[in-house]
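[1] The following comprises the amino acid sequence and a computationally predicted model.
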Number of protein chains: 2
Amino acid sequence: MNLDYMKEFVSTGLKVDSRGIWILDQTQLPQRETWLPSPHPEAMIQIIRELKVRGAPLIGVAAALQIGLLAEHGADRVQIEKALIDLREARPTAVNLMNAMDRMSDVLQSSGAAELPAEAERICLEDVRLSDGMAENGARLIGAGDFVLTHCNTGGLATVGIGTALGCVIRAARQGKGVHVFVDETRPLLQGGRLTTWELEQNKIPYTLICDNMAAALMQKGRVTRVLVGADRIAANGDFANKVGTYGLAVLSKFHGVPFYVVAPQTSVDRDCPHGAEIPVEERHPFEVRGARGAFGNVEWAHPEAKVWNPAFDVTPESLVTAWVLDHGVFDRNDVKLGALTKGA
Amino acid sequence: MNLDYMKEFVSTGLKVDSRGIWILDQTQLPQRETWLPSPHPEAMIQIIRELKVRGAPLIGVAAALQIGLLAEHGADRVQIEKALIDLREARPTAVNLMNAMDRMSDVLQSSGAAELPAEAERICLEDVRLSDGMAENGARLIGAGDFVLTHCNTGGLATVGIGTALGCVIRAARQGKGVHVFVDETRPLLQGGRLTTWELEQNKIPYTLICDNMAAALMQKGRVTRVLVGADRIAANGDFANKVGTYGLAVLSKFHGVPFYVVAPQTSVDRDCPHGAEIPVEERHPFEVRGARGAFGNVEWAHPEAKVWNPAFDVTPESLVTAWVLDHGVFDRNDVKLGALTKGA
């Protein structure tokens, strides 16, 4: 398995060369660009759990490549099956990881381990195409001079391609639409403040960083014309889980009449999940809320024993969504009621 | 001027003794308790601007005491008048500061400088009584087992007495109502994470610290039964300015049917301000949003040149308020329409 040939497509967050898989440690960005080797599934599980790789699509691809590499290195069927199970459980909310592992598992059953590296490469290349489809569909919804508010990080660091929600914005900007981006900093892990600002600087797209609690005042002033967010899992009825804070933005968008779009690949749709209440939401360690840490430093401002609630995600009901932007089309609430999300591409 | 005799009433944030005025540096809490001397008005202006003293009521009292001290030290009328003007402009949003300075100015005109120390003491003691009135009125609205969400810090660190919104909660807890508090961390300056958790620990009141963007998910789960916030200025029609993030909470409360109360002394009402659009909102330095700093450390996670919007306050329209809890009564929207806020006590 050697993805050197598709270097121009692949993500800023992951690479595969003759020596193995490399992950850009996203907890260290933007201060430090550290590439971590992931020689075996246990290493990848740790990397996923510690959010060194993140973004629902990218997690799925990284895990698939790891399985491909394991097969290429001659692991036996028992080892591969164990790795598939362990990787599948590394994070509970993102469905792409589950989907990718299920797909690898199916190939293992039907065609054997020898076919796994090729399947991993297909999943990886598909993710690039999925991003491209979303970017095209989403960019069409963005008008000249739009002010787009976004949450968390959904660009090239969250996928193998151009991104999900931020991919649409980047595509629209490249089309010369003169977009301005408002970036929620996205506490507690600051993916907006650290990663989205970094990607927007690199893409030379004008933006304004705000604290999460300032989004409401921006909308009140009429300064937000559209909200675009990603999704870690979309239920069959259109409810979706995404980074905590998304649900609040959806309520605020409804209240202010601002169109609210969720952008995700078909691989983020969980056909087996009827509605959002069924999506498990991961709760993380209290230290994340008591302070902040990264390559920028390690600070704790709250009482070291402060009691904390720290859900990584929240669930937005379909009733608050203006449209679902998928790689293969844009669907409104009527389409979704008619089963558009589960019909697939 | 010697407030030693009222030690038991006075705030955790301010003291006056024979040597002068002392301010507890709130930017250094909870890691460090540093008392700063404020020997002259220029020192106090700096302390106010750098938010070392904060909380609309406490700022007003601190400035009044500073003028009292200046008069006591024999400053001439020109010096006092200049100090009144400069202090009045130290922060633009909180009206208590303006009200306190206007009151001192009136006394200077009518009775002369010799009367200023006594007037400052009256303002200080009144603030204790105002807090007590709010606490009594607000505690009556809190039921046994309530889950109260609050924003920023509105306790003994924000006033000379027990506090405004948090004062009501503390009073209810002391009445044995078994209240649980959800504390918004309140980015960017983290008054919730640093100061409110500190006060709740000291008062042994159970609480849970959350990031600001988690409040919506808490409400969605039905875990918030009441929201209580303070105010830096209330317009005659009931609109009010408070710490940025308050407006978003008001929208979320409306959407989820959670009662939303604003708690403030009559001194926070600006009779000359017809509605919220007239309240000037202070914008602060970008570095506050690019990172975090305090006695806990000094970190910057965003690009050092990241463009930022950093309003210190936002304005909540009266239509989102369930009731206004003042020191002299609780008023609903009907009362406010009939002029309850501007009639005074």
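    Ah, there it is. Numbering: from 1, shown residues only, chains lettered A, B, ... in the order given.
[2] from here on, contacts and neighbour counts on C-alpha atoms
    Fine.
[3] What distance do you get for A:V224 to A:D76?
    54 Å (CA to CA, to the nearest Å).
[4] With neighbour numbers in mind, choose between these two.
    Under the neighbour definition other CA atoms under 10 Å in any protein chain shown, A:V224 and A:D76 were set side by side, and A:V224 has more, 23 against 11.
[5] ok, now which ones touch that one?
    For A:V224, the set of contacting residues under the criterion of CA atoms under 8 Å, 6 or more residues apart in numbering or on different chains consists of A:146-149, A:182, A:218, A:258.
[6] Up against chain B, what does the stretch 201-345 of chain A have?
    The interface of the stretch 201-345 of chain A toward chain B, taken as CA under 8 Å from any CA of the partner chain, is made up of A:207-217, A:244-245, A:247-248, A:251-252, A:255, A:289-290, A:294, A:296-303, A:306-311, A:314-315.
[7] Helices of chain A, start to end?
    For chain A, applying DSSP state H gives helices covering A:41-49, A:56-72, A:77-88, A:95-111, A:116-141, A:165-174, A:191, A:197-202, A:215-220, A:246-256, A:287-290, A:333-337, A:340-343.
[8] how about CSV for these, with mean pLDDT and mean neighbour count added?
    As requested, the helices of chain A are arranged in CSV below (pLDDT from 0 to 100; neighbours: other CA atoms under 10 Å in any protein chain shown):
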stretch, mean pLDDT, mean neighbour count
helix A:41-49, 97, 19
helix A:56-72, 95, 26
helix A:77-88, 98, 17
helix A:95-111, 97, 20
helix A:116-141, 95, 22
helix A:165-174, 97, 25
helix A:191, 97, 26
helix A:197-202, 94, 18
helix A:215-220, 98, 22
helix A:246-256, 98, 24
helix A:287-290, 98, 21
helix A:333-337, 97, 15
helix A:340-343, 91, 18
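[9] before we move on, back to that, please check the residues of the stretch 201-345 of chain A next to chain B and keep the buried ones.
    Members of those that pass the buried threshold by neighbour count (16 or more other CA atoms under 10 Å in any protein chain shown) are listed as A:207-217, A:244-245, A:247-248, A:251-252, A:255, A:289-290, A:294, A:296, A:299-303, A:306-311, A:314-315.
[10] can you tell me which of the residues of the stretch 201-345 of chain A next to chain B are in strands?
    The strands, defined by DSSP state E, take in A:207-210, A:294, A:297-300, A:314-315 from those.
[11] just these now: which is nearest A:E33?
    Using CA to CA, the shortest approach to A:E33 within these belongs to A:G294, at 12.0 Å.
[12] Give me the neighbour count for A:G176.
    11.
[13] distance of the closest residue to A:R187 other than its chain neighbours from B:D184?
    The shortest distance from A:R187 to any non-neighbouring residue, by CA to CA, 6 or more residues apart in numbering or on different chains, is to B:C211 (6.4 Å). Using CA to CA, B:C211 is found at 6 Å from B:D184.
[14] Ok, A:V281 next?
    For A:V281, the distance to B:D184 - CA to CA - is 20 Å.
[15] who's more crowded, these two?
    Each of A:V281 and B:D184 had its neighbours counted (other CA under 10 Å), and the higher figure belongs to B:D184 (27 against 19).
[16] Who does that one form a beta bridge with?
    With DSSP bridges applied, the residues forming beta bridges to B:D184 are B:I210.
[17] So A:F240 sits against A:I234, correct?
    Yes - counting by CA atoms under 8 Å, A:I234 is a contact partner of A:F240 at 4.2 Å.
[18] which neighbours do these two share?
    For the pair A:F240 and A:I234, residues contacting each of them under the criterion CA under 8 Å, 6+ apart are A:G276.
[19] Of the two, give the one with the bigger neighbour count.
    A:I234 (34 against 29).
[20] Would you confirm that the more buried one contacts A:S268?
    Yes - A:I234 lies in contact with A:S268 (CA under 8 Å); the separation is 5.9 Å.
[21] Show the low-confidence segments of the stretch 201-345 of chain A, by residue range.
    Residues of the stretch 201-345 of chain A that meet the criterion pLDDT under 70 lie in A:344-345.
[22] how about the nearest residue to A:M134 once chain neighbours are set aside, what does it touch?
    Leaving out its chain neighbours, the residue that sits closest to A:M134 by CA to CA, 6+ apart is A:D327, at 4.2 Å. With contact taken as CA under 8 Å, 6+ apart, A:D327 is in contact with A:130-135, A:137, A:264-266.
[23] From A:A241, how far off is A:P188?
    When distance is defined by CA to CA, A:P188 is 17 Å away from A:A241.
[24] who's more crowded, those two?
    Comparing A:P188 with A:A241 by other CA under 10 Å, the one with more neighbours is A:A241, at 29 against 23.
[25] ok, now how distant is that one from A:R233?
    Note on A:A241: its distance to A:R233, by CA to CA, is 5 Å.
[26] Overlap in contacts, those two.
    Taking CA under 8 Å, 6+ apart as the contact criterion, the residues that touch both A:A241 and A:R233 are A:93, A:279.
[27] Close to chain B: what parts of the stretch 51-200 of chain A are there?
    Within the stretch 51-200 of chain A, the residues that sit near chain B (CA under 8 Å from any CA) are A:186-188, A:193-194, A:197-198.
[28] The residues you listed: which two are farthest apart?
    Largest separation among those by CA to CA: A:P188 and A:W198, giving 17.4 Å.
[29] okay if I get the helices of chain A as JSON lines plus distance to B:A94?
    Supplementary listing: those in JSON lines, determined by distance: least, CA to CA, whole Å:
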{"stretch": "helix A:41-49", "distance to B:A94": "45"}
{"stretch": "helix A:56-72", "distance to B:A94": "44"}
{"stretch": "helix A:77-88", "distance to B:A94": "53"}
{"stretch": "helix A:95-111", "distance to B:A94": "48"}
{"stretch": "helix A:116-141", "distance to B:A94": "42"}
{"stretch": "helix A:165-174", "distance to B:A94": "38"}
{"stretch": "helix A:191", "distance to B:A94": "33"}
{"stretch": "helix A:197-202", "distance to B:A94": "32"}
{"stretch": "helix A:215-220", "distance to B:A94": "18"}
{"stretch": "helix A:246-256", "distance to B:A94": "26"}
{"stretch": "helix A:287-290", "distance to B:A94": "29"}
{"stretch": "helix A:333-337", "distance to B:A94": "45"}
{"stretch": "helix A:340-343", "distance to B:A94": "50"}
